[in-house]
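Asks: Next come a sequence and a model predicted from it.
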There are 2 protein chains.
Amino acid sequence: MTMHPHARLPDSLNDCLALDHNDPLRALSEQFILPEGIIYLDGNSLGALPQATAARVNDAVTRQWGQGLIRSWNEAGWFELSQRVGDRIARLIGAGEGEVLAVDGTSINLYKVLCAALDLASARGAQSLTVLSEGGNFPTDLYIAEGVCRERGASLRSVESSGLNAALAAGVDVVMLTHVNFRTGAMHDMAALTRCAQAAGALVIWDLAHSAGAVPVDLHGANADFAVGCGYKYLNGGPGAPGFVWVHPRHADRALQPLSGWWGHAAPFAFTPGYRPAPGILRYQCGSQPILSLIALDEGLNSVLAAESLGGITALRAKSLALTELFIRRVEPLLTAHGFGLATPREHTARGSQVSLTRSEGAYEIIQALIARGVIGDFRAGDGAAHPDILRFGFTPLYVGFADVWRAADHLQAVMASGEWRAPQFALRHAVT
Amino acid sequence: MTMHPHARLPDSLNDCLALDHNDPLRALSEQFILPEGIIYLDGNSLGALPQATAARVNDAVTRQWGQGLIRSWNEAGWFELSQRVGDRIARLIGAGEGEVLAVDGTSINLYKVLCAALDLASARGAQSLTVLSEGGNFPTDLYIAEGVCRERGASLRSVESSGLNAALAAGVDVVMLTHVNFRTGAMHDMAALTRCAQAAGALVIWDLAHSAGAVPVDLHGANADFAVGCGYKYLNGGPGAPGFVWVHPRHADRALQPLSGWWGHAAPFAFTPGYRPAPGILRYQCGSQPILSLIALDEGLNSVLAAESLGGITALRAKSLALTELFIRRVEPLLTAHGFGLATPREHTARGSQVSLTRSEGAYEIIQALIARGVIGDFRAGDGAAHPDILRFGFTPLYVGFADVWRAADHLQAVMASGEWRAPQFALRHAVT
């Protein structure tokens, strides 16, 4: 972070306010509407609403749909929307034009690329195929891999992060990893792990759900094989926005994906009876996409791509690291005083854009007490000692400022000092988000 | 149609206008915004925009997302939205509460139920499984079945409609049919075919894309096994709105579907590593849904369910048959004079809510010439003698009136009499919708 305006960490609220005021990225935060009195540290789960989205979606509803009706498939460009939005996502993840589609959801896209990857591995002559993943991966990734493996008679193996290299040495066919861990915010070295996995003869799938728009990603630079990701986190596409899928051009024409609907046909409107896959990434389409949600995603991308003239993802990353660093520094005294652990790596190269704290009890209640104070983070349930419960705080550099970080830490300190989190209204009562 | 106000067919434009004026369903058409000067006969492809949708979607964007942010998953009911919307679709298709989900797209839902049906057939001890469909089925249904059969080592057999009974006798495991044919508007006898297929030992999947909201459907009455359908046609959910999936309760807990994402997990937010399917239809969920598009679908359903107090689907069906009957009667003289064929059955019990004409040449150009006159129907390419090119006219009784039908027929007559469809600007130039 040397030489960057965010390199110096502020040491008072006033200092934070001054830093925010002079932030060269301040214009980016003005793109968003956030509720009064809310410090929003959950953009890693659902990105904030860009100002421009309401009018854009309203135009899609009233003019494109209402007036254009069926003609808008051509005239409003709905047909190519997945490709156009995909091309814009490509700029954030080091992919080329015509290589990415904004389509379906992350889980479904993962299913497609897992099947394609297993087909490619089969074609190489591999038998009794094995998919390797991480035990701490986002559950849906593991569930989907379980489904695919059951369909294909393949084996799914998951190990802790520290065991990946040893597991690779034992021989695997497909490696499926999430770049930034949803729970801890730990970030893998994509290039090194890809190299290592490929050297062991495996194909590599990256889930960029917590990476795209948040940290620099270079799929071609890392020579990855497949990638999928999410549209509603750092891309600000709105609730349940379509995800995305990327396939390296060296593979795109060489495998089928089994969700072989008409949109992935070489000539979808020829209405011929036999399936003939479209060239390249287009065969990863299946059916019609939810256009209103896809248009909101396109507008969400505007809010991220607006950074391009201000230093782009490099500038966002520098600010993000400064924000997470400041938060870690400010909550440091709480760690020992109040029994928190820091789940997020201190090393910058191994950290995404969030900070996660662990606590053996009360994680849910503490988050609820913070929300009652207007600081929105979230709780993620653990599943034992290897993956404890966490309090998760996401720092989207587009709209989170240094004063937000300062105040959020103050609130956490107050919640713990007062013991207010023990109030009965914060106790676990229903399914949590 | 005896005794219904729509039973008498009008015999002049004035008569049509009077009938529209006195239409007991007129209040339903006032729910929609349609462009000035347009006669919209393509609601079978993309339903028209309900007046209420723009405000509803805008509220979802600005208040639910913008102000509620991540909290809206609970507070705005986004979590259960697929179920709530599904329960409302259930009322239109003879399904029970808790049996339908509004989720993903038709093609993806078809993939899920085909896999589940093949699993059930396997569990019955069937070997070398066969899926039977129709050659004239909507291509995506056949493409998806092709993909599933390739995955499973099953065989896909497709025969013409007239050959279904003979093919059943030869032994099949799963029958996948579309209730109302996209091309001809021909409607199957769901109860009779289901009975026949089940007597032959097969499970039956119905695609209701052109049925839900357009014709009476009674899945339980027909004792069907599985069904899928589309949200953006007669349900007026907007471009690419999510589709729906129904599984008979006797099967819902007995099979898995392979798109086993976290939303289909018994405890999606427990974040446990192993997949454990949710009970019943909930396991047919995969990932987060496009909430903005799903809310537009919910509002589209309001426009259909508003008919419940005015005679419901029975009243809509009577009007629909009167509209299609009037159109057939009025274009009858063109059939011989201008070389059209009628692809749609004349028999009411075998007709959906559309009328399709065939012509050996010029079908595309004639549709373009009609669109230039403000009459929006569509063209669907054929694939040979069994399925010729068609001109397709959909009659959504919610917003199409008798005067629309009368005038549309007049325009078709004028387009043919003048030969204006031969003008160069109407010639086939690009991918058609």
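Replies: Yep, that arrived.
Asks: Distance from the chain centre to the longest helix along chain A, please.
Replies: Secondary structure assigned by DSSP state H gives helix A:312-337 as the longest helix of chain A. Mean-position distance between helix A:312-337 and its chain equals 19 Å (CA atoms, centre = their mean, to the nearest Å).
Asks: what pairs with the helix or strand that that helix is followed by, and is each one parallel or antiparallel?
Replies: Note on helix A:312-337: by DSSP states H and E, the next helix or strand toward the C-terminus is strand A:340-342. If you go by DSSP bridges, strand A:340-342 pairs up with strand A:354-359 (antiparallel).
Asks: The partner strand versus helix A:312-337: what angle between them?
Replies: 20 degrees (axes from the mean of the first three to the mean of the last three CA atoms, to 10 degrees).
Asks: in the stretch 301-433 of chain A, which spans are strands?
Replies: A:340-342, A:354-359, A:375-376, A:378-380, A:390-394 (DSSP state E, counting those that start in this stretch).
Asks: Give me whichever of those strands is most buried.
Replies: Neighbour counts averaged per stretch over the strands of the stretch 301-433 of chain A are highest for strand A:390-394, at a mean of 27; criterion: mean count of other CB atoms under 10 Å in any protein chain shown. The C-beta positions use only the backbone N, C-alpha and C, and glycine is treated the same way.
Asks: one step back: can you put the strands of the stretch 301-433 of chain A in a markdown table and add mean pLDDT and distance to residue B:93?
Replies: Below are these laid out as a markdown table (pLDDT from 0 to 100; distance: least, CB to CB, whole Å):
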| stretch | mean pLDDT | distance to residue B:93 |
| --- | --- | --- |
| strand A:340-342 | 97 | 52 |
| strand A:354-359 | 97 | 43 |
| strand A:375-376 | 98 | 40 |
| strand A:378-380 | 94 | 37 |
| strand A:390-394 | 97 | 41 |
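Asks: Reformat those strands as JSON lines; add distance to residue A:106.
Replies: As requested, the strands of the stretch 301-433 of chain A are exported to JSON lines (distance: least, CB to CB, whole Å):
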{"stretch": "strand A:340-342", "distance to residue A:106": "27"}
{"stretch": "strand A:354-359", "distance to residue A:106": "17"}
{"stretch": "strand A:375-376", "distance to residue A:106": "22"}
{"stretch": "strand A:378-380", "distance to residue A:106": "17"}
{"stretch": "strand A:390-394", "distance to residue A:106": "17"}
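Asks: which other helices and strands contact the longest helix of chain A?
Replies: strand A:340-342, strand A:354-359, helix A:402-418 (3 or more CB pairs under 8 Å, 6 or more residues apart in numbering or on different chains; DSSP states H and E).
Asks: any idea of the mean pLDDT for that helix?
Replies: Averaging pLDDT along helix A:312-337 yields 96.
Asks: Tell me the buried residues in it?
Replies: A:312-313, A:315-328, A:330-331, A:334 (16 or more other CB atoms under 10 Å in any protein chain shown).
Asks: Next one, pLDDT for the closest residue to residue A:208 other than its chain neighbours please.
Replies: Spatial nearest neighbour of residue A:208, chain neighbours left out: residue A:229 (3.7 Å); criterion: CB to CB, 6 or more residues apart in numbering or on different chains. At residue A:229, the model reports a pLDDT of 98.
Asks: Kindly report the same for residue A:171.
Replies: Looking at residue A:171, its pLDDT reads 88.
Asks: before we move on, what SS does residue A:27 have?
Replies: Residue A:27 carries the three-state label helix when classified by DSSP: H, G, I helix; E, B strand; the rest coil.
Asks: Name the nearest residue to it, sequence neighbours excluded.
Replies: Nearest one to residue A:27, counting by CB to CB, 6+ apart, is residue A:310 at 7.3 Å.
Asks: Verify the contact between the one you found and residue A:29 for me.
Replies: No - judged on CB atoms under 8 Å, residue A:310 makes no contact with residue A:29 at a distance of 11.4 Å.
Asks: Which one of the two is surrounded by more residues?
Replies: Remark: of residue A:310 and residue A:29, residue A:29 carries more neighbours, 19 against 15, as counted by other CB atoms under 10 Å in any protein chain shown.
Asks: got the contact list for that one?
Replies: Residues in contact with residue A:29 (CB atoms under 8 Å, 6 or more residues apart in numbering or on different chains) are A:23, A:398, A:399, A:400, A:401.
Asks: and of those, the nearest to chain B?
Replies: residue A:399 (11.4 Å; CB to the nearest CB).
Asks: Outline the domain layout of chain A.
Replies: Domain assignment for chain A by automatic domain parsing gives A:13-30+A:312-426, A:55-306.
Asks: just the helices in the stretch 101-250 of chain A please.
Replies: Ranges of helices within the stretch 101-250 of chain A are A:106-123, A:139-152, A:164-169, A:190-199, A:219-222, A:249-252, based on DSSP state H, counting those that start in this stretch.
Asks: in the fourth one, what counts as buried?
Replies: Buried positions in helix A:190-199, judged by neighbour count with 16+ other CB under 10 Å: A:190, A:193, A:194, A:196, A:197, A:198.
Asks: same question, the fifth one
Replies: When burial is assessed from 16+ other CB under 10 Å, helix A:219-222 yields the following buried residues: A:219, A:222.
Asks: who's in contact with it?
Replies: Against helix A:219-222 from outside (CB under 8 Å, 6+ apart): A:93, A:94, A:95, A:96, A:190, A:191, A:194, A:195, A:206, A:227, A:246, A:248.
Asks: Tell me where chain A is predicted with low confidence.
Replies: Within chain A, the stretches with pLDDT under 70 are A:1-7, A:429-433.
Asks: Other residues contacting stretch A:153-165?
Replies: Taking CB under 8 Å, 6+ apart as the rule, stretch A:153-165 contacts A:118, A:128-137, A:142, A:145-146, A:148-149, A:166-167, A:172-173, A:175, A:177, A:181, A:186, A:188, A:193, A:196, A:386, B:273.
Asks: go again using 6 Å as the cut-off
Replies: A:118, A:129, A:130, A:131, A:132, A:133, A:134, A:135, A:145, A:146, A:149, A:167 (CB atoms under 6 Å, 6 or more residues apart in numbering or on different chains).
Asks: can you check stretch A:57-70 too?
Replies: A:72, A:75-76, A:292, A:295-296, B:33, B:35, B:42, B:45-46, B:49, B:54, B:57-58, B:61, B:238-239.
Asks: which ones among those residues are found in helices?
Replies: Reading helices off the contacts of stretch A:57-70 with DSSP H, I get A:72, A:75, A:292, A:295, A:296, B:54, B:57, B:58.
Asks: what does the stretch 151-300 of chain A put close to chain B?
Replies: Selection of the stretch 151-300 of chain A residues close to chain B by CB under 6 Å from any CB of the partner chain yields A:151, A:238-240, A:258-262, A:269-273, A:275, A:286-293, A:296.
Asks: Show the buried residues in the residues you listed.
Replies: For those, buried by 16+ other CB under 10 Å: A:151, A:238-240, A:258-262, A:269, A:271-273, A:275, A:286-293, A:296.
Asks: Give the phi and psi angles for the nearest residue in space to residue A:46 that is not next to it in sequence, as a check.
Replies: Leaving aside its sequence neighbours, residue A:46 sits nearest to residue B:70 (CB to CB, 6+ apart; 4.7 Å). Phi and psi for residue B:70, reported as degrees, to the nearest 10, are phi -60, psi -30.
Asks: And for residue B:70, the neighbour number?
Replies: The number of residues packed near residue B:70 is 24, by other CB under 10 Å.
Asks: Residue A:160 now?
Replies: 12.
Asks: Ok, residue A:418 next?
Replies: Counted with other CB under 10 Å, the neighbours of residue A:418 add up to 11.
Asks: How about the contacts made by it?
Replies: Neighbours of residue A:418 in contact, by CB under 6 Å, 6+ apart: none.
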